[in-house]
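J.: compute the structure for the input listed below.
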Amino acid sequence: MRSDYTIHAVDDVSFRIREGEIMALVGETGCGKSTTARTLAGIYRPTGGEILYQGARVPDKKDPFGMRKKMQTEIQMIFQDSGAALNPRMSIRQIMLEPVKISRRIRDREMLENRLREILKETGLDESILSKKPGELSGGQRQRVAIGRSLLMEPRLIIADEPIASLDISIQAQIVMLFKKLQQEKRFSFLFIAHDLSMVRFLSDTTGVMKNGKLVEMAPTKELFENPQHPYTQSLLSAIHIPDPLEERKRRLIEYEEPQSLGEGWKELSACHCVRI
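T.: Below you'll find the predicted structure:
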């Protein structure tokens, strides 16, 4: 089949993550959250636009000043499926130390061992797991290993792509509390991608809402939850369950009607407000 119709996975997305800030990206499955995250982490190369890191443009191809290498060290990513992200044939010790050894971030062996023990303590893991394989751990333990591995690199930015989606509810809360504690202690910047809006509200300073590859709204989290501006954001927030059964019965769902494709010559200036250009 042939088609002249082009789908842009991410289009016209622009935002800034400040030092020590926790930013969340929310939106339905397929809206471009993960593509955005993987592009920032350097896994995907952007086909247009630019990424700035500490004020400097990240090159697409030639990299004479080693900007990409610097980013790969200082930006760490935590994936949704910790089982797939951890090599099943390696021990937990090997998994956690591999990035540090490759990057030569810490060269002194004794210092590295001391740092490893510190990270295990900070992430709530026992030293006895170091000789085990990922398949011998629970989902929550594997995610803590992934978090610890990223922290060993002493990152400036951690990107977590739906890190709690595959975990039990009780474990989700523990992992989110761990993220909050570690971020407050270490003050790294944090991009948190999630479906659970209650967790986003608890954890993040700023929240962006994505729809069809576009960033439709971004605001301080408190402001966005109390006064959403875009119809799609209003629809998302109206779907949050209320713990009180009486209030839950009164909850009114807001349905978002997908606008038709604008076509050539039209531009959306704001929510549902389009002009011919």
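J.: pLDDT weak spots in this structure?
T.: 1-7, 60-65, 241-251, 253-254, 256-277 (pLDDT under 70).
J.: again, only using 50
T.: Low-confidence segments of the chain (pLDDT under 50): 1.
J.: alpha carbons of whichever helix or strand Phe192 is part of, as PDB, please.
T.: If you go by DSSP states H and E, Phe192 is part of strand 189-193. Taking Å, rounded to 0.1, in the frame of the first residue of the first chain, the C-alpha atoms of strand 189-193 are listed here in PDB:
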ATOM      1  CA  SER A 189      16.900  16.900  37.300                       C
ATOM      2  CA  PHE A 190      14.200  14.300  36.700                       C
ATOM      3  CA  LEU A 191      11.900  13.600  33.700                       C
ATOM      4  CA  PHE A 192       9.000  11.300  34.800                       C
ATOM      5  CA  ILE A 193       6.800   9.700  32.200                       C
END
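J.: state the distance from Asp126 to Leu224.
T.: Using CB to CB, to the nearest Å, Asp126 is found at 39 Å from Leu224. Using the backbone N, CA and C atoms, a C-beta is placed for each residue, glycine as well.
J.: do Arg156 as well
T.: 25 Å.
J.: the more surrounded of these two?
T.: More neighbours surround Leu224 than the other of Arg156 and Leu224, with 24 against 20 (other CB atoms under 10 Å).
J.: quick check: the more buried one vs Thr36, distance?
T.: Leu224 is 18 Å from Thr36, by CB to CB.
J.: before we move on, what about Arg93?
T.: 33 Å.
J.: tell me which stretches of the stretch 101-250 of the chain form strands.
T.: Residue ranges of the strands in the stretch 101-250 of the chain, as given by DSSP state E, counting those that start in this stretch, are 157-161, 189-193, 206-211, 214-220.
J.: and the residue nearest to Ile171 when sequence neighbours are not counted, how many residues sit next to it?
T.: Closest residue to Ile171 apart from its sequence neighbours, by CB to CB, 6 or more residues apart in numbering: Gly140 at 4.1 Å. For Gly140, the number of neighbouring residues by other CB under 10 Å comes to 19.
J.: correct me if wrong: Gly140 contacts Val176.
T.: No: counting by CB atoms under 8 Å, Gly140 does not reach Val176; the two are 11.6 Å apart.
J.: list the buried ones in stretch 130-147?
T.: Neighbour-count burial for stretch 130-147, counted by 16 or more other CB atoms under 10 Å, picks out 130, 133-134, 137, 139-147.
J.: let me know the closest of the residues you listed to Val10.
T.: Ala146 (24.4 Å; CB to CB).
J.: distance of the closest one from Leu86?
T.: 7 Å.
J.: Met71 now?
T.: 22 Å.
J.: cool, Arg156 as well?
T.: On the measure of CB to CB, Arg156 and Leu86 end up 23 Å apart.
J.: check what contacts stretch 17-25 and list those residues.
T.: 15, 33, 36-37, 156-157, 183, 187-194, 200, 203-210, 221 (CB atoms under 8 Å, 6 or more residues apart in numbering).
J.: what's the span of it from first residue to last?
T.: End-to-end distance of stretch 17-25 (CA to CA, to the nearest Å): 12 Å.
J.: how about stretch 187-195?
T.: 24 Å.
J.: repeat that for stretch 191-207.
T.: End-to-end distance for stretch 191-207: 10 Å, by CA to CA.
J.: just the buried residues of it, please?
T.: 191-194, 196-197, 199-201, 203-204, 206-207.
J.: any idea which helix or strand carries Met96?
T.: Here Met96, judged by DSSP H and E, is contained in helix 92-103.
J.: what of Thr29?
T.: Counting by DSSP H and E, Thr29 is found in no helix or strand.
J.: contacts only, for it.
T.: Applying CB under 8 Å, 6+ apart, the residues near Thr29 are His195.
J.: next one: Leu120
T.: 126-127, 129-130, 148.
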